[in-house]
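Colleague: Quick one: sequence plus predicted model below, questions after.
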Amino acid sequence: METLGWLLIPLGAVALGLIWVAWRSRRRQPVAPEQGMEDRERMRQAMERPLPSHRVRAEQYHEDDLGPRS
């Protein structure tokens, strides 16, 4: 009986995994055109923002110290 208990653990994990995969791969509702265009505009604006400079970030810290300069 103890062996049966140990065999049920992986079977339960497989069952939960199958349920999770089925839930994640379900068909989504179509997005309203207005919402899709708003999301696209937000993405465009985010892509136009300048990236932070690594040089500035590196200059803020000492070589042997993890804390910022005072």
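Modeller: Here it is on my side, so go on.
Colleague: What residues does residue 18 make contact with?
Modeller: Residue 18 sits next to no residue when contact means CB atoms under 8 Å, 6 or more residues apart in numbering. In short, each C-beta sits where N, CA and C put it, glycine included.
Colleague: how many other residues sit next to residue 50?
Modeller: By other CB atoms under 10 Å, the residues close to residue 50 number 5.
Colleague: Can you tell me the SS state at it?
Modeller: coil (DSSP: H, G, I helix; E, B strand; the rest coil).
Colleague: any low-confidence regions in this protein?
Modeller: Along the chain, the model assigns pLDDT under 70 to residues 53-70.
Colleague: Which residue ranges of it form helices?
Modeller: Taking DSSP state H as the test, the helices found in the chain are 2-24, 33-48, 54-59.
Colleague: Check the offset of the longest one from the chain's centre.
Modeller: Right, the one you point to is helix 2-24. Distance of helix 2-24 from its chain centroid, counting by CA atoms, centre = their mean, to the nearest Å, is 25 Å.
Colleague: Could you do stretch 32-49 as well?
Modeller: With CA atoms, centre = their mean, you get 19 Å for stretch 32-49.
Colleague: which parts of that stretch are buried?
Modeller: For stretch 32-49, burial by neighbour count (16 or more other CB atoms under 10 Å) applies to no residue.
Colleague: what's it in contact with?
Modeller: residue 31.
Colleague: what residues are up against residue 17?
Modeller: Not one residue lies near residue 17 by CB under 8 Å, 6+ apart.
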